[in-house]
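S.K.: just to be clear, the model below is a prediction. Sequence and coordinates:
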Number of protein chains: 8
Amino acid sequence: MLEEILKQVALGEMSAEEAKEQLATFENLGFAKVDHHRKKRQGSPEVIFGEGKTSTQIIDISRAMITKKEDILVTRVNKEKVEEIRRELPEFQYHEIANLLFMKNTKDTVSSKGYIAIVCAGTSDLAVAEEAALTAEAYGIEVRRFYDVGVAGIHRLFAHIDEIRQATVSVVIAGMEGALPSVVGGLVSHPIIAVPTSVGYGANFQGLSALLTMLNSCASGISVVNIDNGFGGAYNAVLIHRLANNSK
Amino acid sequence: MLEEILKQVALGEMSAEEAKEQLATFENLGFAKVDHHRKKRQGSPEVIFGEGKTSTQIIDISRAMITKKEDILVTRVNKEKVEEIRRELPEFQYHEIANLLFMKNTKDTVSSKGYIAIVCAGTSDLAVAEEAALTAEAYGIEVRRFYDVGVAGIHRLFAHIDEIRQATVSVVIAGMEGALPSVVGGLVSHPIIAVPTSVGYGANFQGLSALLTMLNSCASGISVVNIDNGFGGAYNAVLIHRLANNSK
Amino acid sequence: MLEEILKQVALGEMSAEEAKEQLATFENLGFAKVDHHRKKRQGSPEVIFGEGKTSTQIIDISRAMITKKEDILVTRVNKEKVEEIRRELPEFQYHEIANLLFMKNTKDTVSSKGYIAIVCAGTSDLAVAEEAALTAEAYGIEVRRFYDVGVAGIHRLFAHIDEIRQATVSVVIAGMEGALPSVVGGLVSHPIIAVPTSVGYGANFQGLSALLTMLNSCASGISVVNIDNGFGGAYNAVLIHRLANNSK
Amino acid sequence: MLEEILKQVALGEMSAEEAKEQLATFENLGFAKVDHHRKKRQGSPEVIFGEGKTSTQIIDISRAMITKKEDILVTRVNKEKVEEIRRELPEFQYHEIANLLFMKNTKDTVSSKGYIAIVCAGTSDLAVAEEAALTAEAYGIEVRRFYDVGVAGIHRLFAHIDEIRQATVSVVIAGMEGALPSVVGGLVSHPIIAVPTSVGYGANFQGLSALLTMLNSCASGISVVNIDNGFGGAYNAVLIHRLANNSK
Amino acid sequence: MLEEILKQVALGEMSAEEAKEQLATFENLGFAKVDHHRKKRQGSPEVIFGEGKTSTQIIDISRAMITKKEDILVTRVNKEKVEEIRRELPEFQYHEIANLLFMKNTKDTVSSKGYIAIVCAGTSDLAVAEEAALTAEAYGIEVRRFYDVGVAGIHRLFAHIDEIRQATVSVVIAGMEGALPSVVGGLVSHPIIAVPTSVGYGANFQGLSALLTMLNSCASGISVVNIDNGFGGAYNAVLIHRLANNSK
Amino acid sequence: MLEEILKQVALGEMSAEEAKEQLATFENLGFAKVDHHRKKRQGSPEVIFGEGKTSTQIIDISRAMITKKEDILVTRVNKEKVEEIRRELPEFQYHEIANLLFMKNTKDTVSSKGYIAIVCAGTSDLAVAEEAALTAEAYGIEVRRFYDVGVAGIHRLFAHIDEIRQATVSVVIAGMEGALPSVVGGLVSHPIIAVPTSVGYGANFQGLSALLTMLNSCASGISVVNIDNGFGGAYNAVLIHRLANNSK
Amino acid sequence: MLEEILKQVALGEMSAEEAKEQLATFENLGFAKVDHHRKKRQGSPEVIFGEGKTSTQIIDISRAMITKKEDILVTRVNKEKVEEIRRELPEFQYHEIANLLFMKNTKDTVSSKGYIAIVCAGTSDLAVAEEAALTAEAYGIEVRRFYDVGVAGIHRLFAHIDEIRQATVSVVIAGMEGALPSVVGGLVSHPIIAVPTSVGYGANFQGLSALLTMLNSCASGISVVNIDNGFGGAYNAVLIHRLANNSK
Amino acid sequence: MLEEILKQVALGEMSAEEAKEQLATFENLGFAKVDHHRKKRQGSPEVIFGEGKTSTQIIDISRAMITKKEDILVTRVNKEKVEEIRRELPEFQYHEIANLLFMKNTKDTVSSKGYIAIVCAGTSDLAVAEEAALTAEAYGIEVRRFYDVGVAGIHRLFAHIDEIRQATVSVVIAGMEGALPSVVGGLVSHPIIAVPTSVGYGANFQGLSALLTMLNSCASGISVVNIDNGFGGAYNAVLIHRLANNSK
């Protein structure tokens, strides 16, 4: 950012006044520098990773963004924080199963062709799957959910495979042995973002087993994000979906 | 595949004769079932993972594919195998640095808009970077190489950042601490496929360090493939690039 | 063994003379105590684990068993050892792909109903698969091989699933992500012995990935043996197959 | 399943009407697809893995199964959930030590010959041992319990070894160093399913030590399931026991 | 210490009386030997590592030091302990965010040239960053804080890089992927002490990911302390800063 | 045990009556087989590992032993259990810091020459150190405690080294980096039992760091027990001390 | 670098011509961008990490640096590479024990006060110790070597402790249990850079044991670099030593 | 050592002359300080750990010891080194299976009562077992070997258990699952030193499995040394055996 501004100064495309103003947008909240340029640079509303932040910190960051009229997505907030935050900012919509808050401050209605498939192995993976699904919807993209289609009863997957095939991109979520992305990967021709979950016990080692399975998949076209990172899985899918819609 | 054929049989859209013929395409080579349907299903030539296969096995599989007039990409072949294979099949082009063989049997010249950026941290990551670059080129897509732009001398990266930004998708390859994808991820707005390499020593643990770094990246829009998996990184990028070109 | 003999002594069912003789069967070869009782106790010929033993040790142990007219199976022998051993004991049959020696000294022809299915994900897993198949055959049981039916091209598996279903028990072998046993486990109703292999690279960690996948399988009816332990997988299957034949 | 139905359609062995009806059995509960075919396919009542499911989810799934007159086994339910579930479904029997609920809805009384031995190293492994024992009993099979016969006082094991030997199959459960299956494996000739438990501390690493011990056992005829997976251990034993009874 | 005193005795440079007195300074508090020599030997006030010590133990150790007029720094104390300790010793200043108590008993005002830079990746790393900053200040050294300048938005770092460059030494703190020290290391020419934090989730493995990243940094001039060890990071920086001020 | 009795039966040295009686000593408490032979076989009172046992189980086992007039040591009991147990068995002495109960039912006063040194690195290791010290005292052996003599202030260790040298055997306990046994091992000539503790944080990994340090010690004469296993460390020392006293 | 140049352009302190020239210094060698600015930015000659680079690559990079009259240090070169390189560039001095090449092209004779102590546990750590010592000497700084002073014979360390104490900074190298830095850290008051080595076997896990020990050291003032990273240890010490000499 | 000498100086019990002479015994060989005091301090001949030392280094250290008339034990020497060493020092006796050299320079014939039992699981553990046995014999102590008595055929162990019971101390060596020490520990009442070996494959992880098994043993009286450390196991046993013989 900085060097681009300076380049424009050097080339006479930007005045010193303008440069100064642009640089002033780093509002110093004391503990976090909210980056209002980011939306343009990365094409998305600000996302607040709620874990490890206090309610007060989340409220302060949110207020700075409301002023700038940006959509806000807060992930990984537990019930207690939600209550404290919504007392101050009741405009936030709460999605309990996904531990997620969303507030729409823009009037953007991105109309895109096609949909993202959210495919999920077991009932126990719902929290991560919903974090992914709601994230993609927050970015204005249609989502279709295919839940409980794990490999141990593979006929359930086949009942839906044609609809999954027609998605632009799939986010495939699985805990325990994490084999679902490999199987889906052998049946579709679009990119798959695999999300391992920490669901399981014993030699699952908090999701390590599913993570390794996905990284070692012998099906091509699969890439992986961190354990339980439903948001990250969806965010990658959103970027790809936009490319497919030429709406970069 | 199987169940689709049967569905058509059930719906009377396919005769028993045709179905029989289609199913006959699983040629039984004794040790491997070459899948000639795959190209259509996945939109790509057959790729042979050379590691763990003998020269004879690679030659036999290749011949079956030559008959069907398919492009062939063989990854992870060492020099000895290459010599034995090319004695029989001299049409194979050998790319030494990437341990890769390629043979063009189609006349397909996919003309796509835009390019894939292959970004690489250090000189020592060249083998993996070239495996990625040559794979993408084998799929008929333009590639631009940005090598030796690691984070320890970040000004080198900045010298090229604008050109990287204009790619459809980046494959970012790094060993040692593996921080490059995080930095690139904060500067571009397209999807990034991160490839950790086993380059390094000591607490690097054969690429584990770089792998964990990439999975934990605090930049969004990054997904990860297996350690040293240059092919996989490129294959994901190819799928995304095609989506961006509406050439699904 | 010991205490059973003593019990019989106590109960007067065995004379001191007999007991002495029975106990004399522990021939002391200086470095290994060959157990001629084991066949009866465990219902099988002696198996020599070749790794870590010298050719001379293997020859000496074999000779002790030949005297007792027992079948001999030697696993994990490399080419050099094989040559040295067969120079002395040319009766040994060598199976190169499985690194295995077998010598038939009994006239036993166990005729059992049914067969064991050996199911294998990729061409690269052949060594382990053949170790399993030849082991089961050494025990006189029919084996059917289903090779290269990995999950990335799941229709290949479906082409054979009915024949796999009719086996008494399956030994399912897979490297890389190791997802095959989960998929097979969801489609058959007999017990599955899963054998992870060290085939793969990077985050495969010499078979750890496949091992964890199999232990965490969400399909029931799957139990697991050590990485690359084709013999062990088959041995378990043999015990189960015999139970099914009432030939305990 | 799907493709079998279709095959029959193709062969004229099943009418479109029948096929439709069969496929209608996937009742969509919104969050989980209860599979009523499974009993036939796998020869067992539905098992609900309670961990990670809410009481409400368990109740809803159970009700769907009650309608179909199936036996129901719920594993890994804590006290709170049990109270909530039994308030709605008091027909569930609760086994506290094993954290397990069972409801008999069929009149099946499988009468099988022989018994399964549940062998257990220490008092602290009781929860897992009982999960295994009650699972096998839920499948209508006789169980004999051999508890607290760990290797540190091996004479206790010998006092029972003859009775263990006469079982069809043993489930051997051990925490800490997990050596018990190796010792039992050297003394019996039937298959052993080994279940590591997370009992222990320090370098036990939540059951990893026992798991590795069992996978590396130098006794043959031992296969392993996940840490603390009493259900899985028993389920494998049930499949084997049925084979031995020709009641597949 | 001991042998130095004895050397002086041997050389007649110290009388037996003096030696006796010096050795008497090991006051035996029953559970811990407070070392009043340490300040001189290591040039610093006593630091009490609060974790694993009871309030009573901390109070007793503190009192022994107050008598000797030493500054006291207590790290890693939770709120409950703080209340109990301050009831007895209200002179302690409490820094909540850093879980730290400090009491000034000397009149030392170390006046040093220059400052230490405390650089921090995310809002979630504040606790460790403040532990570091307050530790350095307790040693009388000026600190400048550069918080929330993580690599995902690298322009934020550039806005401050000149001021960071002019520090004597930097303590760079980062969780998640831990890439910040590598980037800073490529831009400054003074020593960097890197502190990984346990902030993150999934494949972060409680800070292991950040730790490995830092150890494998391809930038030179970076050394690493234990995960979450803000005190240790600062203490190393203090020693270096003093050297730069010739105040050894 | 069993086979010895039988041997005597076989040799006519024991009547069937006596054998029966001897074998009757395995009282079946339903959940645990208390072994009254063990004291003679292993020369020690029964030790109950309290973790994972309920108060009721501990009480029942204890009562069986009281009847046989044996000393009882219960390790790893938390406060709640202690209260419940002492309500029933107030004769138990409680050592809070070591989480240990002891009851003397014999009049044995083993008078041995010499003492065991319990050497301990930091205040935070006290719980494990006291578990060791009290265990050895329960076996009637003199113990000398050398606490807080960690390697970071090595002069403290030297102040006591002569007294440590004169012990028969040392139990050396250390957390964090676990270097103390190596240093002591270079200064004494008797055997050292090293006990790693889980004290520390971050890259300590719950004692793994200290454990590895001790196993890799370059000083000879050091052997290691499990993390936090104060009892085990002391028990080994007791066996060695007895040998030194010819009281085997 | 880039943005600083641009800043000067913006401020009119640098002409476009000059900027162009400065930016031209990134000579594109095809595979690596040699950074001639680095010396000024980081105050040191270029260091070539030899591992993973071919002789030809090393020669080409070296030649580019010779032109610029820079000192060159090549680390981690094996004998074969050394011969090939010196055939072309005989000016390189080879230090066999440290696997290191050095060429002096400047006339710089940095004269600094004081020395760096290189302290080393065992004979087997010599390679890493010499890599460290020669690196520091290449930077023109006096080095004193204290080899074979491991903790198992701690009196050897004491014989030299006073001379170690008077160094500006110590680089302490140790394999096996890695306890030496902790002991030295308790005896000196200057900063210590700890270098774990991969010397050892078994539970050493290629240096992991020593690495963890050093990270968990309870002595303050110790920071750690990667396993076997003698260069990195020395480089950190050089930066600190320069600060102490005000020669930043 | 140092401080003891000084203490005597201070107390007038030693003249400056004598002190000087004593201190002169640290002969500086340039690379290693041979400690001639060690024998008295630790009661044993010098042991040279051969791994990582060159033949020349071993020869030089040996010569320094020959001058002092000490017995010399060299462990972990491969065949090449042995040839080079014996060319110079033919007095060395070579034990091939244990990779060990021994030279007797004293006339000491320690006559001790009793023997040490070396107990070994499998034929493949012979190298480590012989390293242990020969070490103990080098210390002049009688050894009895019990080889190939692994737990998979536990009756073999029982055939020898009485003779094992009568040893002063046992060294129990096992690879694979490492269960043997637990079983022996339940049958004898003397101390056991357990030595894990790296024999095995797959989930054995180079001896980690056996190591963890031994550390977690539920039998008391077992302590553990590093993987493959036959020397260390024997050395601990020697110290204990001497205590039992009052020959400290």
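M.R.: Noted; the coordinates are in hand.

S.K.: what about the longest helix in chain A?
M.R.: Scanning chain A for the longest helix, with DSSP state H as the assignment, gives helix A:230-244.

S.K.: quick one: the helices in chain A, in order.
M.R.: Here chain A has its helices, by DSSP H, at A:2-10, A:16-23, A:38-42, A:55-67, A:79-88, A:126-138, A:154-158, A:161-165, A:180-185, A:208-215, A:230-244.

S.K.: about what we covered before: near chain E, anything from the longest helix of chain A?
M.R.: No - residues of helix A:230-244 are not located near chain E by CB under 8 Å from any CB of the partner chain, the shortest gap being 9.8 Å. Any C-beta I mention is one placed from the backbone N, CA and C, and that applies to glycine too.

S.K.: how about stretch A:128-144?
M.R.: No - using CB under 8 Å from any CB, stretch A:128-144 stays clear of chain E, coming no nearer than 10.5 Å.

S.K.: that stretch close to chain C?
M.R.: No - contact of stretch A:128-144 with chain C (CB under 8 Å from any CB) is absent, the minimum separation being 15.6 Å.

S.K.: picking that back up, among the helices of chain A, which is nearest C:Gly185?
M.R.: Among the helices of chain A, the nearest to C:Gly185 by CB to CB is helix A:154-158 (10.0 Å).

S.K.: looking at the helices of chain A, spot the one closest to F:Ile193.
M.R.: Minimum separation from F:Ile193 across the helices of chain A (CB to CB) falls at helix A:208-215, 33.7 Å.

S.K.: for that closest one, packing partners?
M.R.: With contacts defined as 3 or more CB pairs under 8 Å, 6 or more residues apart in numbering or on different chains; DSSP states H and E, helix A:208-215 has these neighbours: helix A:180-185, strand A:192-196, strand A:222-224, helix C:208-215.

S.K.: okay, those in a markdown table with distance to C:Asn105 next?
M.R.: Shown next, in a markdown table, are those (distance: least, CB to CB, whole Å):
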| stretch | distance to C:Asn105 |
| --- | --- |
| helix A:180-185 | 45 |
| strand A:192-196 | 51 |
| strand A:222-224 | 51 |
| helix C:208-215 | 36 |
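
S.K.: how about the residue of chain A found nearest chain D: what's its closest non-neighbour residue?
M.R.: Sorted by distance to chain D under CB to the nearest CB, the residues of chain A start with A:Gly202, at 3.0 Å. Once flanking residues are discounted, A:Gly202 sits nearest to D:Ile227: 3.0 Å by CB to CB, 6 or more residues apart in numbering or on different chains.

S.K.: so where is chain A shaky, pLDDT-wise?
M.R.: A:1-44, A:108-111, A:246-248 (pLDDT under 70).

S.K.: domain assignment for it?
M.R.: A:24-103, A:116-244 (automatic domain parsing).

S.K.: about what we covered before: mean neighbour count for the helices of chain A - can I get that in CSV?
M.R.: Below are the helices of chain A laid out as CSV (neighbours: other CB atoms under 10 Å in any protein chain shown):
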stretch, mean neighbour count
helix A:2-10, 19
helix A:16-23, 12
helix A:38-42, 17
helix A:55-67, 18
helix A:79-88, 15
helix A:126-138, 25
helix A:154-158, 22
helix A:161-165, 16
helix A:180-185, 30
helix A:208-215, 30
helix A:230-244, 27
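
S.K.: now render the ones you listed as JSON lines, adding distance to A:Phe49.
M.R.: Converted to JSON lines, those look like this (distance: least, CB to CB, whole Å):
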{"stretch": "helix A:2-10", "distance to A:Phe49": "24"}
{"stretch": "helix A:16-23", "distance to A:Phe49": "25"}
{"stretch": "helix A:38-42", "distance to A:Phe49": "14"}
{"stretch": "helix A:55-67", "distance to A:Phe49": "10"}
{"stretch": "helix A:79-88", "distance to A:Phe49": "12"}
{"stretch": "helix A:126-138", "distance to A:Phe49": "12"}
{"stretch": "helix A:154-158", "distance to A:Phe49": "32"}
{"stretch": "helix A:161-165", "distance to A:Phe49": "29"}
{"stretch": "helix A:180-185", "distance to A:Phe49": "24"}
{"stretch": "helix A:208-215", "distance to A:Phe49": "20"}
{"stretch": "helix A:230-244", "distance to A:Phe49": "8"}
